[in-house]
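In: Okay, here's the prediction I keep looking at, along with the sequence it came from:
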Amino acid sequence: MSGLFAMAGCSSESSGDESVSEVGQALIGDPLSGITAADFTIVKDNFSAAEAITDGLGPVFNERACGNCHTNGTTGGAGNNIERRYGRFDNNGQSFNPLANEGGSLRQLFSLGTFNNGATLCTAPVESEPADATVHNVGRLTTPLFGLGLVEAMPDSFFQNIVNNEPSATRGVLIKSTILLANPDDPSELTGALRVNRYGWKDAVPVLEQFAADAYVNEMGITTQSCVRGTSVTAFCTESAPNGRAQPTGCDDLAPLQAANFTSLTGCPQNTDDAVGSCSGGLSEVQDDVANFATFMTFLAPPAQDPNTSTNGRAKFISAGCANCHVDNTVSGGALATAATFKTPASPAGIRAADGVLRHVPGSLAFHPFSDFAAHDMGSLGDNIGLNAGDSPAQARLMRTAPLWGIRFRNLLLHDGRTSDIATAIAAHAGQGAAAATAFGNLSAADKVDLVTFVHSL
Ligand code: HEC
Ligand code: HEC
(Lines give C-alpha, C1' and ligand atoms only; values in the text may rest on other atoms or scores of the structure.)
(Ligands and ions follow the chains in the order given, each with its own letter.)
Protein backbone atom coordinates (compact mmCIF):
# COMPACT_ATOMS: atom_id res chain seq x y z
CA MET A 1 0.00 0.00 0.00
CA SER A 2 2.71 2.50 0.90
CA GLY A 3 4.11 2.40 -2.63
CA LEU A 4 0.76 3.32 -4.05
CA PHE A 5 0.37 6.26 -1.73
CA ALA A 6 3.83 7.44 -2.74
CA MET A 7 2.67 7.43 -6.39
CA ALA A 8 -0.31 9.51 -5.50
CA GLY A 9 1.92 12.07 -3.88
CA CYS A 10 4.20 12.51 -6.86
CA SER A 11 1.48 12.77 -9.46
CA SER A 12 -0.36 15.68 -7.88
CA GLU A 13 2.31 18.01 -9.29
CA SER A 14 0.20 19.54 -12.03
CA SER A 15 -2.92 20.52 -10.18
CA GLY A 16 -1.51 23.49 -8.30
CA ASP A 17 -4.50 23.24 -6.03
CA GLU A 18 -3.98 22.04 -2.47
CA SER A 19 -7.57 20.93 -1.99
CA VAL A 20 -7.47 18.48 -4.90
CA SER A 21 -6.76 14.88 -4.02
CA GLU A 22 -5.60 12.17 -6.37
CA VAL A 23 -7.87 9.26 -7.19
CA GLY A 24 -4.80 7.24 -8.06
CA GLN A 25 -4.56 5.35 -4.78
CA ALA A 26 -7.37 2.85 -5.32
CA LEU A 27 -6.85 -0.86 -5.84
CA ILE A 28 -8.70 -2.45 -8.74
CA GLY A 29 -12.40 -2.75 -7.94
CA ASP A 30 -12.32 -0.21 -5.11
CA PRO A 31 -14.85 2.61 -4.92
CA LEU A 32 -13.73 6.23 -4.92
CA SER A 33 -12.60 7.39 -1.52
CA GLY A 34 -15.52 8.79 0.45
CA ILE A 35 -17.91 6.03 -0.66
CA THR A 36 -18.84 3.57 2.07
CA ALA A 37 -18.57 -0.17 1.51
CA ALA A 38 -22.28 -0.48 2.32
CA ASP A 39 -23.34 2.00 -0.36
CA PHE A 40 -20.99 0.43 -2.90
CA THR A 41 -22.19 -3.12 -2.21
CA ILE A 42 -25.84 -2.27 -2.91
CA VAL A 43 -25.15 -0.89 -6.37
CA LYS A 44 -22.48 -3.45 -7.24
CA ASP A 45 -24.81 -6.34 -6.38
CA ASN A 46 -27.47 -4.85 -8.62
CA PHE A 47 -24.94 -4.52 -11.47
CA SER A 48 -24.08 -8.22 -11.04
CA ALA A 49 -27.65 -9.51 -10.67
CA ALA A 50 -28.74 -11.96 -13.39
CA GLU A 51 -32.16 -11.27 -14.93
CA ALA A 52 -34.71 -13.87 -16.01
CA ILE A 53 -37.49 -13.96 -18.61
CA THR A 54 -39.97 -13.02 -15.85
CA ASP A 55 -37.91 -9.85 -15.18
CA GLY A 56 -38.17 -8.93 -18.86
CA LEU A 57 -35.04 -10.55 -20.31
CA GLY A 58 -35.40 -10.84 -24.12
CA PRO A 59 -36.80 -11.36 -26.71
CA VAL A 60 -33.17 -11.01 -27.91
CA PHE A 61 -30.19 -10.32 -25.69
CA ASN A 62 -26.42 -10.65 -25.37
CA GLU A 63 -26.18 -11.65 -21.69
CA ARG A 64 -28.19 -11.84 -18.46
CA ALA A 65 -26.26 -9.42 -16.24
CA CYS A 66 -24.09 -6.33 -16.73
CA GLY A 67 -21.55 -8.00 -14.47
CA ASN A 68 -21.36 -11.10 -16.71
CA CYS A 69 -19.58 -9.13 -19.45
CA HIS A 70 -17.69 -6.45 -17.51
CA THR A 71 -15.37 -8.87 -15.67
CA ASN A 72 -11.64 -8.33 -16.37
CA GLY A 73 -9.82 -7.78 -13.08
CA THR A 74 -13.00 -6.91 -11.21
CA THR A 75 -16.73 -6.40 -11.60
CA GLY A 76 -16.99 -3.36 -13.85
CA GLY A 77 -13.78 -4.12 -15.72
CA ALA A 78 -13.45 -4.73 -19.44
CA GLY A 79 -14.45 -8.13 -20.76
CA ASN A 80 -13.84 -10.76 -23.37
CA ASN A 81 -17.37 -10.60 -24.75
CA ILE A 82 -17.28 -9.24 -28.31
CA GLU A 83 -20.53 -7.94 -29.74
CA ARG A 84 -21.43 -7.82 -33.43
CA ARG A 85 -22.62 -4.99 -35.67
CA TYR A 86 -23.41 -4.61 -39.35
CA GLY A 87 -24.66 -1.99 -41.79
CA ARG A 88 -24.43 -0.85 -45.40
CA PHE A 89 -23.36 2.18 -47.40
CA ASP A 90 -25.96 3.70 -49.73
CA ASN A 91 -25.69 6.50 -52.33
CA ASN A 92 -22.57 5.18 -54.07
CA GLY A 93 -20.98 4.27 -50.78
CA GLN A 94 -21.36 7.78 -49.30
CA SER A 95 -24.07 7.34 -46.71
CA PHE A 96 -24.20 4.88 -43.80
CA ASN A 97 -27.40 2.93 -43.28
CA PRO A 98 -27.62 1.07 -39.93
CA LEU A 99 -30.39 -1.14 -41.39
CA ALA A 100 -32.50 -0.34 -38.34
CA ASN A 101 -35.60 -1.73 -40.07
CA GLU A 102 -33.79 -5.08 -40.20
CA GLY A 103 -32.68 -4.97 -36.55
CA GLY A 104 -29.30 -3.20 -37.03
CA SER A 105 -26.75 -2.11 -36.41
CA LEU A 106 -26.43 -4.32 -33.28
CA ARG A 107 -26.95 -8.04 -33.84
CA GLN A 108 -27.91 -9.58 -30.50
CA LEU A 109 -26.39 -13.02 -30.13
CA PHE A 110 -29.12 -14.87 -28.22
CA SER A 111 -32.90 -15.13 -28.08
CA LEU A 112 -35.44 -16.60 -25.68
CA GLY A 113 -36.25 -19.30 -28.24
CA THR A 114 -39.50 -21.17 -27.66
CA PHE A 115 -41.57 -20.58 -24.52
CA ASN A 116 -45.19 -20.56 -23.38
CA ASN A 117 -47.08 -17.50 -22.24
CA GLY A 118 -50.25 -19.07 -20.88
CA ALA A 119 -51.87 -20.81 -23.84
CA THR A 120 -49.71 -18.98 -26.38
CA LEU A 121 -46.65 -20.71 -27.80
CA CYS A 122 -43.99 -18.07 -28.50
CA THR A 123 -40.84 -18.35 -30.60
CA ALA A 124 -38.26 -15.55 -30.46
CA PRO A 125 -35.89 -15.90 -33.44
CA VAL A 126 -32.13 -15.49 -33.22
CA GLU A 127 -30.97 -12.46 -35.21
CA SER A 128 -28.92 -12.99 -38.35
CA GLU A 129 -27.01 -10.57 -40.53
CA PRO A 130 -29.31 -9.44 -43.36
CA ALA A 131 -28.26 -10.26 -46.92
CA ASP A 132 -28.10 -6.60 -47.99
CA ALA A 133 -25.44 -5.64 -45.37
CA THR A 134 -22.13 -4.48 -46.88
CA VAL A 135 -20.31 -3.89 -43.56
CA HIS A 136 -20.09 -7.30 -41.96
CA ASN A 137 -19.74 -8.79 -38.52
CA VAL A 138 -17.84 -5.90 -36.91
CA GLY A 139 -16.57 -6.79 -33.43
CA ARG A 140 -17.02 -4.55 -30.37
CA LEU A 141 -15.08 -5.60 -27.30
CA THR A 142 -16.45 -4.96 -23.81
CA THR A 143 -14.83 -1.78 -22.43
CA PRO A 144 -13.86 -1.10 -18.77
CA LEU A 145 -16.09 1.14 -16.66
CA PHE A 146 -13.51 2.53 -14.22
CA GLY A 147 -13.68 6.18 -13.31
CA LEU A 148 -16.68 7.01 -15.48
CA GLY A 149 -18.26 9.17 -12.78
CA LEU A 150 -15.21 11.41 -13.03
CA VAL A 151 -15.63 11.63 -16.80
CA GLU A 152 -19.34 12.33 -16.36
CA ALA A 153 -18.59 15.30 -14.11
CA MET A 154 -16.60 17.14 -16.81
CA PRO A 155 -18.41 19.96 -18.63
CA ASP A 156 -18.36 20.16 -22.45
CA SER A 157 -15.98 23.13 -22.29
CA PHE A 158 -13.36 20.90 -20.69
CA PHE A 159 -13.23 18.57 -23.70
CA GLN A 160 -13.39 21.52 -26.08
CA ASN A 161 -10.33 22.98 -24.40
CA ILE A 162 -8.38 19.75 -24.80
CA VAL A 163 -9.24 19.45 -28.48
CA ASN A 164 -8.45 23.11 -29.18
CA ASN A 165 -4.94 22.56 -27.82
CA GLU A 166 -4.23 19.42 -29.84
CA PRO A 167 -1.84 19.59 -32.83
CA SER A 168 -3.99 20.03 -35.95
CA ALA A 169 -2.80 16.79 -37.62
CA THR A 170 -4.08 14.66 -34.77
CA ARG A 171 -6.85 16.92 -33.47
CA GLY A 172 -9.95 15.03 -32.40
CA VAL A 173 -13.54 15.95 -33.07
CA LEU A 174 -16.24 16.21 -30.43
CA ILE A 175 -19.53 14.58 -31.30
CA LYS A 176 -22.59 15.98 -29.56
CA SER A 177 -25.88 14.16 -29.07
CA THR A 178 -29.25 14.95 -27.63
CA ILE A 179 -29.47 13.74 -24.04
CA LEU A 180 -32.15 11.04 -23.96
CA LEU A 181 -31.94 10.40 -20.22
CA ALA A 182 -30.33 13.09 -18.06
CA ASN A 183 -28.98 12.43 -14.59
CA PRO A 184 -31.58 14.38 -12.61
CA ASP A 185 -29.03 14.97 -9.83
CA ASP A 186 -26.88 17.03 -12.16
CA PRO A 187 -28.41 20.45 -12.78
CA SER A 188 -26.25 20.92 -15.89
CA GLU A 189 -27.86 17.94 -17.65
CA LEU A 190 -31.20 18.45 -19.36
CA THR A 191 -33.08 15.76 -21.28
CA GLY A 192 -33.34 17.03 -24.85
CA ALA A 193 -30.26 19.29 -24.68
CA LEU A 194 -27.01 18.61 -26.57
CA ARG A 195 -23.97 17.31 -24.67
CA VAL A 196 -20.53 16.14 -25.77
CA ASN A 197 -20.46 12.36 -26.24
CA ARG A 198 -17.81 10.60 -24.15
CA TYR A 199 -18.74 6.91 -23.86
CA GLY A 200 -18.22 3.80 -25.96
CA TRP A 201 -15.70 2.92 -28.68
CA LYS A 202 -17.43 5.32 -31.06
CA ASP A 203 -18.11 8.22 -28.68
CA ALA A 204 -21.78 7.42 -29.08
CA VAL A 205 -23.31 8.54 -25.78
CA PRO A 206 -23.13 11.72 -23.66
CA VAL A 207 -24.53 10.62 -20.27
CA LEU A 208 -23.82 7.62 -18.03
CA GLU A 209 -27.43 7.21 -16.86
CA GLN A 210 -28.44 7.04 -20.53
CA PHE A 211 -25.79 4.42 -21.34
CA ALA A 212 -27.12 2.30 -18.47
CA ALA A 213 -30.71 2.41 -19.77
CA ASP A 214 -29.47 1.78 -23.32
CA ALA A 215 -27.36 -1.22 -22.24
CA TYR A 216 -30.27 -2.62 -20.24
CA VAL A 217 -32.49 -2.81 -23.32
CA ASN A 218 -29.84 -3.59 -25.92
CA GLU A 219 -27.73 -6.10 -23.97
CA MET A 220 -30.47 -7.72 -21.92
CA GLY A 221 -33.78 -6.77 -23.53
CA ILE A 222 -35.06 -5.06 -20.38
CA THR A 223 -37.15 -2.00 -21.19
CA THR A 224 -37.57 0.87 -18.74
CA GLN A 225 -39.36 4.19 -18.28
CA SER A 226 -38.05 6.95 -16.01
CA CYS A 227 -39.06 10.47 -14.97
CA VAL A 228 -36.75 13.47 -15.20
CA ARG A 229 -38.09 16.76 -13.86
CA GLY A 230 -41.67 15.81 -14.62
CA THR A 231 -41.02 14.47 -18.13
CA SER A 232 -41.52 10.81 -18.95
CA VAL A 233 -38.46 9.28 -20.67
CA THR A 234 -39.77 7.03 -23.43
CA ALA A 235 -36.51 6.32 -25.30
CA PHE A 236 -35.83 2.95 -23.65
CA CYS A 237 -39.33 1.46 -23.25
CA THR A 238 -39.75 -0.30 -26.61
CA GLU A 239 -38.83 -3.98 -26.85
CA SER A 240 -36.26 -5.04 -29.46
CA ALA A 241 -37.68 -6.39 -32.71
CA PRO A 242 -35.45 -9.28 -33.86
CA ASN A 243 -34.26 -8.41 -37.39
CA GLY A 244 -36.96 -5.72 -37.42
CA ARG A 245 -39.92 -8.03 -36.74
CA ALA A 246 -41.73 -7.08 -33.53
CA GLN A 247 -42.76 -10.05 -31.43
CA PRO A 248 -46.51 -10.80 -31.24
CA THR A 249 -48.32 -9.53 -28.15
CA GLY A 250 -47.24 -11.44 -25.05
CA CYS A 251 -44.19 -12.96 -26.73
CA ASP A 252 -41.52 -10.34 -25.92
CA ASP A 253 -40.82 -11.92 -22.49
CA LEU A 254 -42.81 -12.89 -19.37
CA ALA A 255 -42.59 -9.69 -17.31
CA PRO A 256 -46.00 -8.64 -15.92
CA LEU A 257 -47.86 -5.96 -17.89
CA GLN A 258 -48.12 -2.42 -16.52
CA ALA A 259 -51.54 -1.05 -15.45
CA ALA A 260 -54.18 -0.34 -18.11
CA ASN A 261 -53.72 3.44 -17.92
CA PHE A 262 -49.90 3.22 -18.09
CA THR A 263 -49.61 4.25 -21.74
CA SER A 264 -51.74 7.33 -21.33
CA LEU A 265 -49.78 8.34 -18.21
CA THR A 266 -46.27 7.75 -19.57
CA GLY A 267 -46.28 7.43 -23.38
CA CYS A 268 -44.73 3.96 -23.07
CA PRO A 269 -46.26 0.62 -24.10
CA GLN A 270 -47.98 -1.54 -21.51
CA ASN A 271 -45.35 -4.26 -21.93
CA THR A 272 -42.59 -1.97 -20.58
CA ASP A 273 -40.66 -4.26 -18.24
CA ASP A 274 -40.05 -1.89 -15.33
CA ALA A 275 -41.20 1.68 -14.90
CA VAL A 276 -41.58 4.64 -12.59
CA GLY A 277 -45.08 5.53 -13.89
CA SER A 278 -46.65 8.98 -13.81
CA CYS A 279 -44.16 11.86 -13.70
CA SER A 280 -46.69 14.40 -12.45
CA GLY A 281 -45.66 16.91 -9.84
CA GLY A 282 -42.29 17.46 -11.51
CA LEU A 283 -41.09 14.02 -10.39
CA SER A 284 -37.46 13.03 -10.93
CA GLU A 285 -36.96 9.30 -10.52
CA VAL A 286 -34.81 7.05 -12.66
CA GLN A 287 -35.91 3.38 -12.83
CA ASP A 288 -34.14 1.79 -9.88
CA ASP A 289 -31.86 -0.69 -11.68
CA VAL A 290 -30.76 1.95 -14.19
CA ALA A 291 -30.06 4.38 -11.34
CA ASN A 292 -28.07 1.75 -9.46
CA PHE A 293 -26.03 0.75 -12.52
CA ALA A 294 -25.15 4.39 -13.14
CA THR A 295 -24.28 4.87 -9.49
CA PHE A 296 -22.05 1.77 -9.46
CA MET A 297 -20.14 3.14 -12.43
CA THR A 298 -19.97 6.58 -10.81
CA PHE A 299 -18.38 5.11 -7.70
CA LEU A 300 -15.99 2.63 -9.38
CA ALA A 301 -12.53 4.19 -9.00
CA PRO A 302 -9.79 3.97 -11.59
CA PRO A 303 -6.99 1.72 -10.30
CA ALA A 304 -3.71 3.31 -9.27
CA GLN A 305 -0.86 3.24 -11.74
CA ASP A 306 1.65 0.44 -11.13
CA PRO A 307 4.71 2.14 -9.58
CA ASN A 308 6.96 -0.34 -11.46
CA THR A 309 6.86 1.81 -14.56
CA SER A 310 9.48 3.21 -16.91
CA THR A 311 10.45 6.89 -16.86
CA ASN A 312 12.09 6.52 -20.25
CA GLY A 313 8.96 4.78 -21.55
CA ARG A 314 6.87 7.71 -20.43
CA ALA A 315 9.20 10.14 -22.21
CA LYS A 316 8.99 8.07 -25.40
CA PHE A 317 5.17 7.90 -25.08
CA ILE A 318 5.20 11.69 -25.22
CA SER A 319 7.83 12.08 -27.95
CA ALA A 320 6.15 9.49 -30.21
CA GLY A 321 2.97 11.58 -30.07
CA CYS A 322 0.85 9.13 -28.08
CA ALA A 323 -0.04 11.81 -25.53
CA ASN A 324 -1.51 14.00 -28.27
CA CYS A 325 -4.60 11.78 -28.12
CA HIS A 326 -4.03 9.67 -24.99
CA VAL A 327 -3.81 12.94 -23.03
CA ASP A 328 -2.06 12.92 -19.69
CA ASN A 329 -2.50 16.19 -17.86
CA THR A 330 0.65 15.63 -15.82
CA VAL A 331 2.83 15.89 -18.91
CA SER A 332 5.07 18.82 -18.10
CA GLY A 333 6.93 21.15 -20.39
CA GLY A 334 4.58 20.66 -23.35
CA ALA A 335 1.40 22.33 -24.50
CA LEU A 336 -0.64 19.54 -23.00
CA ALA A 337 0.40 20.52 -19.49
CA THR A 338 -1.88 23.51 -19.68
CA ALA A 339 -4.42 22.09 -22.09
CA ALA A 340 -6.13 19.80 -19.67
CA THR A 341 -6.29 19.12 -16.01
CA PHE A 342 -8.53 16.16 -15.39
CA LYS A 343 -10.00 17.33 -12.13
CA THR A 344 -13.64 17.08 -11.22
CA PRO A 345 -15.31 20.21 -9.94
CA ALA A 346 -16.09 19.97 -6.23
CA SER A 347 -19.45 18.23 -5.93
CA PRO A 348 -22.21 20.72 -6.56
CA ALA A 349 -24.33 21.48 -3.54
CA GLY A 350 -27.81 20.07 -3.34
CA ILE A 351 -27.17 16.63 -4.77
CA ARG A 352 -29.73 14.35 -3.24
CA ALA A 353 -29.49 10.98 -1.61
CA ALA A 354 -33.23 10.41 -1.70
CA ASP A 355 -33.06 6.65 -2.22
CA GLY A 356 -30.69 6.27 0.71
CA VAL A 357 -27.70 5.82 -1.59
CA LEU A 358 -25.18 8.59 -2.06
CA ARG A 359 -25.09 9.45 -5.76
CA HIS A 360 -22.30 11.75 -6.75
CA VAL A 361 -18.55 11.98 -7.11
CA PRO A 362 -17.27 13.20 -3.76
CA GLY A 363 -14.99 16.19 -3.57
CA SER A 364 -12.55 17.52 -6.12
CA LEU A 365 -10.48 14.71 -7.60
CA ALA A 366 -7.61 14.69 -10.10
CA PHE A 367 -7.44 11.69 -12.43
CA HIS A 368 -5.48 10.28 -15.36
CA PRO A 369 -7.56 8.54 -18.03
CA PHE A 370 -4.98 8.90 -20.83
CA SER A 371 -7.68 9.90 -23.30
CA ASP A 372 -9.08 13.11 -24.75
CA PHE A 373 -12.45 11.34 -25.10
CA ALA A 374 -12.59 12.83 -28.61
CA ALA A 375 -13.13 10.91 -31.85
CA HIS A 376 -10.35 10.48 -34.42
CA ASP A 377 -10.27 9.31 -38.03
CA MET A 378 -8.26 6.14 -37.54
CA GLY A 379 -8.10 5.17 -41.22
CA SER A 380 -8.04 1.41 -41.70
CA LEU A 381 -8.43 0.88 -37.93
CA GLY A 382 -11.87 2.54 -38.07
CA ASP A 383 -14.77 0.07 -37.94
CA ASN A 384 -17.00 1.58 -40.68
CA ILE A 385 -20.07 1.60 -38.47
CA GLY A 386 -21.69 5.05 -38.48
CA LEU A 387 -23.21 6.50 -35.35
CA ASN A 388 -26.15 7.91 -37.26
CA ALA A 389 -27.98 7.11 -40.47
CA GLY A 390 -26.41 9.15 -43.27
CA ASP A 391 -22.89 9.31 -41.79
CA SER A 392 -20.13 9.61 -44.40
CA PRO A 393 -17.36 6.98 -44.69
CA ALA A 394 -15.00 9.39 -42.88
CA GLN A 395 -17.49 9.80 -40.03
CA ALA A 396 -17.88 6.03 -39.86
CA ARG A 397 -14.10 5.68 -39.39
CA LEU A 398 -14.16 7.86 -36.24
CA MET A 399 -13.12 6.07 -33.06
CA ARG A 400 -12.83 7.48 -29.53
CA THR A 401 -9.29 7.60 -28.13
CA ALA A 402 -9.42 4.53 -25.92
CA PRO A 403 -8.70 5.50 -22.28
CA LEU A 404 -5.60 3.57 -21.16
CA TRP A 405 -6.17 3.60 -17.39
CA GLY A 406 -6.40 0.07 -16.05
CA ILE A 407 -5.07 -1.40 -19.31
CA ARG A 408 -2.83 -3.86 -17.46
CA PHE A 409 -5.96 -5.69 -16.27
CA ARG A 410 -7.17 -6.28 -19.84
CA ASN A 411 -7.03 -9.50 -21.84
CA LEU A 412 -7.90 -8.23 -25.32
CA LEU A 413 -7.23 -4.89 -27.02
CA LEU A 414 -8.70 -2.66 -29.77
CA HIS A 415 -12.39 -2.29 -30.61
CA ASP A 416 -12.69 -5.79 -32.05
CA GLY A 417 -10.39 -7.48 -29.52
CA ARG A 418 -8.05 -8.57 -32.32
CA THR A 419 -4.92 -8.72 -30.13
CA SER A 420 -3.71 -8.85 -26.55
CA ASP A 421 -0.30 -7.41 -27.44
CA ILE A 422 0.29 -3.70 -26.84
CA ALA A 423 2.91 -3.36 -29.62
CA THR A 424 0.51 -4.96 -32.11
CA ALA A 425 -2.26 -2.59 -31.01
CA ILE A 426 0.07 0.38 -31.57
CA ALA A 427 1.11 -0.85 -35.03
CA ALA A 428 -2.57 -1.01 -36.05
CA HIS A 429 -2.99 2.77 -35.53
CA ALA A 430 -3.65 4.26 -38.99
CA GLY A 431 -5.20 7.53 -40.21
CA GLN A 432 -4.59 10.21 -37.57
CA GLY A 433 -2.70 7.60 -35.53
CA ALA A 434 -0.33 6.57 -38.35
CA ALA A 435 2.48 9.01 -37.49
CA ALA A 436 2.59 7.80 -33.87
CA ALA A 437 2.65 4.17 -35.02
CA THR A 438 5.57 5.01 -37.34
CA ALA A 439 7.38 6.87 -34.56
CA PHE A 440 6.95 3.82 -32.33
CA GLY A 441 8.23 1.57 -35.11
CA ASN A 442 11.35 3.73 -35.44
CA LEU A 443 12.30 3.48 -31.75
CA SER A 444 15.20 1.28 -30.69
CA ALA A 445 14.25 -2.15 -29.39
CA ALA A 446 15.04 -1.04 -25.82
CA ASP A 447 12.91 2.11 -26.12
CA LYS A 448 10.02 0.07 -27.49
CA VAL A 449 10.20 -2.22 -24.47
CA ASP A 450 10.22 0.83 -22.17
CA LEU A 451 7.24 2.45 -23.88
CA VAL A 452 5.23 -0.78 -23.67
CA THR A 453 6.26 -1.13 -20.00
CA PHE A 454 4.94 2.37 -19.38
CA VAL A 455 1.60 1.65 -21.13
CA HIS A 456 1.36 -1.62 -19.23
CA SER A 457 1.72 0.24 -15.92
CA LEU A 458 -1.44 2.30 -16.48
C1 HEC B 1 -23.02 -8.80 -23.58
C2 HEC B 1 -21.98 -8.10 -22.87
C3 HEC B 1 -22.36 -6.82 -22.16
C4 HEC B 1 -23.33 -6.65 -21.21
C5 HEC B 1 -24.33 -7.64 -20.66
C6 HEC B 1 -23.21 -5.27 -20.80
N7 HEC B 1 -22.21 -4.64 -21.48
FE8 HEC B 1 -21.59 -2.74 -21.21
N9 HEC B 1 -20.37 -2.91 -22.81
C10 HEC B 1 -20.24 -4.02 -23.59
C11 HEC B 1 -19.56 -3.69 -24.83
C12 HEC B 1 -19.26 -4.65 -25.98
C13 HEC B 1 -19.26 -2.31 -24.75
C14 HEC B 1 -18.63 -1.45 -25.84
C15 HEC B 1 -19.83 -0.97 -26.66
C16 HEC B 1 -19.52 0.03 -27.72
O17 HEC B 1 -18.80 0.97 -27.49
O18 HEC B 1 -20.06 -0.14 -28.81
C19 HEC B 1 -19.78 -1.87 -23.47
C20 HEC B 1 -19.66 -0.57 -23.01
C21 HEC B 1 -20.28 -0.08 -21.89
C22 HEC B 1 -20.17 1.28 -21.44
C23 HEC B 1 -19.32 2.38 -22.07
C24 HEC B 1 -18.03 2.53 -21.31
C25 HEC B 1 -17.02 3.37 -22.03
O26 HEC B 1 -16.00 2.81 -22.44
O27 HEC B 1 -17.27 4.54 -22.27
C28 HEC B 1 -20.98 1.41 -20.35
C29 HEC B 1 -21.22 2.66 -19.54
C30 HEC B 1 -21.59 0.11 -20.11
N31 HEC B 1 -21.12 -0.78 -21.06
C32 HEC B 1 -22.47 -0.17 -19.10
C33 HEC B 1 -23.18 -1.38 -19.01
C34 HEC B 1 -24.29 -1.61 -18.12
C35 HEC B 1 -24.83 -0.63 -17.11
C36 HEC B 1 -24.74 -2.86 -18.35
C37 HEC B 1 -25.96 -3.58 -17.77
C38 HEC B 1 -27.22 -2.95 -18.04
C39 HEC B 1 -23.90 -3.42 -19.38
N40 HEC B 1 -22.97 -2.50 -19.76
C41 HEC B 1 -24.04 -4.70 -19.86
C42 HEC B 1 -20.69 -5.30 -23.26
C43 HEC B 1 -21.69 -5.56 -22.34
C1 HEC C 1 -4.70 10.16 -33.31
C2 HEC C 1 -4.95 9.76 -31.94
C3 HEC C 1 -4.11 8.64 -31.36
C4 HEC C 1 -2.74 8.59 -31.23
C5 HEC C 1 -1.73 9.61 -31.69
C6 HEC C 1 -2.45 7.34 -30.56
N7 HEC C 1 -3.61 6.68 -30.28
FE8 HEC C 1 -3.77 4.90 -29.32
N9 HEC C 1 -5.75 4.85 -29.75
C10 HEC C 1 -6.46 5.82 -30.40
C11 HEC C 1 -7.78 5.33 -30.71
C12 HEC C 1 -8.87 6.10 -31.43
C13 HEC C 1 -7.85 4.02 -30.21
C14 HEC C 1 -9.02 3.04 -30.33
C15 HEC C 1 -8.79 2.32 -31.65
C16 HEC C 1 -9.73 1.18 -31.99
O17 HEC C 1 -9.67 0.13 -31.36
O18 HEC C 1 -10.52 1.33 -32.90
C19 HEC C 1 -6.55 3.75 -29.61
C20 HEC C 1 -6.21 2.54 -28.98
C21 HEC C 1 -5.01 2.31 -28.35
C22 HEC C 1 -4.68 1.12 -27.58
C23 HEC C 1 -5.66 -0.03 -27.31
C24 HEC C 1 -6.52 0.37 -26.13
C25 HEC C 1 -7.70 -0.53 -25.90
O26 HEC C 1 -8.55 -0.14 -25.09
O27 HEC C 1 -7.82 -1.59 -26.51
C28 HEC C 1 -3.41 1.27 -27.12
C29 HEC C 1 -2.65 0.30 -26.24
C30 HEC C 1 -2.93 2.52 -27.62
N31 HEC C 1 -3.92 3.12 -28.36
C32 HEC C 1 -1.66 3.02 -27.38
C33 HEC C 1 -1.12 4.10 -28.10
C34 HEC C 1 0.28 4.43 -28.08
C35 HEC C 1 1.34 3.74 -27.25
C36 HEC C 1 0.43 5.48 -28.93
C37 HEC C 1 1.73 6.15 -29.37
C38 HEC C 1 2.67 5.29 -30.06
C39 HEC C 1 -0.89 5.83 -29.43
N40 HEC C 1 -1.79 4.94 -28.92
C41 HEC C 1 -1.17 6.90 -30.27
C42 HEC C 1 -5.99 7.08 -30.72
C43 HEC C 1 -4.64 7.43 -30.77
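Out: Nice, thanks for sending it over. Residues are numbered from 1 along each chain as shown. Ligands and ions are numbered 1, 2, ... in the order given.
In: could you pull out the strands for the stretch 51-200 of the chain?
Out: With DSSP state E, counting those that start in this stretch as the criterion, the stretch 51-200 of the chain has strands at 60-61, 82-90, 95-97, 106-107, 110-111, 113-117, 120-124, 135-141, 176-178, 194-196.
In: looking at the ones you listed, which is buried most?
Out: strand 60-61 (a mean of 26; mean count of other C-beta atoms under 10 Å). C-beta here means a position set from N, CA and C on the backbone, and glycine is covered the same way.
In: and it, what does it pack onto?
Out: Counting contacts by 3 or more C-beta pairs under 8 Å, 6 or more residues apart in numbering; DSSP states H and E, strand 60-61 packs against strand 110-111.
In: can you list contacts of the strand it packs on?
Out: The contact list for strand 110-111 (C-beta atoms under 8 Å, 6 or more residues apart in numbering) reads 58, 59, 60, 61, 62, 63, 124, 125, 126, 127, 242.
In: Buried ones among those residues?
Out: Using 16 or more other C-beta atoms under 10 Å as the burial test, the contacts of strand 110-111 include 58, 59, 60, 61, 62, 63, 124, 127, 242 as buried.
In: isn't the first one right up against residue 221?
Out: Yes. Residue 58 is within contact range of residue 221, at 4.5 Å (criterion: C-beta atoms under 8 Å).
In: between the two, what contacts are shared?
Out: Common neighbours of residue 58 and residue 221, using C-beta under 8 Å, 6+ apart, are 252, 253.
In: and which of the buried ones among the contacts of strand 110-111 is nearest residue 37?
Out: Using C-beta to C-beta, residue 63 is the member of these that lies nearest residue 37, at 26.5 Å.
In: Can you give me every residue that contacts that closest one?
Out: Counting by C-beta under 8 Å, 6+ apart, residue 63 has contacts 69, 81, 110, 219, 220.
In: For ligand 1, tell me which of these show up nearby.
Out: With the criterion set as C-beta under 6 Å from any ligand atom, the members of these near ligand 1 are 69, 81, 219, 220.
In: Make CSV out of the residues you listed and add neighbour count, distance to residue 193 and pLDDT.
Out: Converted to CSV, those look like this (neighbours: other C-beta atoms under 10 Å; distance: C-beta to C-beta, whole Å; pLDDT from 0 to 100):
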residue, neighbour count, distance to residue 193, pLDDT
69, 22, 30, 97
81, 18, 32, 95
219, 21, 26, 97
220, 26, 28, 98
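In: Which ones among those also lie next to ligand 2?
Out: Applying C-beta under 6 Å from any ligand atom to these, none is adjacent to ligand 2.
In: related to what we said a few turns ago, what about the strands of the stretch 51-200 of the chain, which gets the closest to residue 433?
Out: strand 135-141 (17.5 Å).
In: Give me the contacts around stretch 308-319.
Out: Contact with stretch 308-319 is made by 323, 326, 331, 334, 439, 443, 447, 449-455, 457, as judged by C-beta under 8 Å, 6+ apart.
In: and if we set it to 6 Å?
Out: 331, 447, 450, 451, 453, 454, 457 (C-beta atoms under 6 Å, 6 or more residues apart in numbering).
In: Show the contacting residues for the closest residue to residue 104 other than its chain neighbours.
Out: Spatial nearest neighbour of residue 104, chain neighbours left out: residue 98 (4.8 Å); criterion: C-beta to C-beta, 6 or more residues apart in numbering. Contact partners of residue 98, counting by C-beta under 6 Å, 6+ apart, are 87, 104, 105, 389.
In: pLDDT value on residue 98, please?
Out: Confidence at residue 98, expressed as pLDDT, is 96.
In: quick one: it and residue 387, what's the gap?
Out: Separation of residue 98 from residue 387 (C-beta to C-beta, to the nearest Å): 9 Å.
In: Just the element for residue 435, please.
Out: Assigned by DSSP states H and E, residue 435 belongs to helix 434-441.
In: and that helix, how far from the chain's centre?
Out: Here the centre of helix 434-441 is set off from its chain's centre by 27 Å, with C-alpha atoms, centre = their mean, to the nearest Å.
In: what does the stretch 351-458 of the chain have sitting close to ligand 2?
Out: Residues of the stretch 351-458 of the chain lying near ligand 2 (C-beta under 6 Å from any ligand atom): 376, 378, 381, 399-402, 413-415, 422, 425-426, 429, 432-433, 436, 440, 455.
In: how about a cut-off of 8 Å?
Out: Proximity of the stretch 351-458 of the chain to ligand 2 (C-beta under 8 Å from any ligand atom) is limited to residues 375-376, 378, 381-383, 399-404, 407, 410, 412-416, 422, 425-426, 428-429, 431-433, 435-437, 439-440, 451-452, 455.
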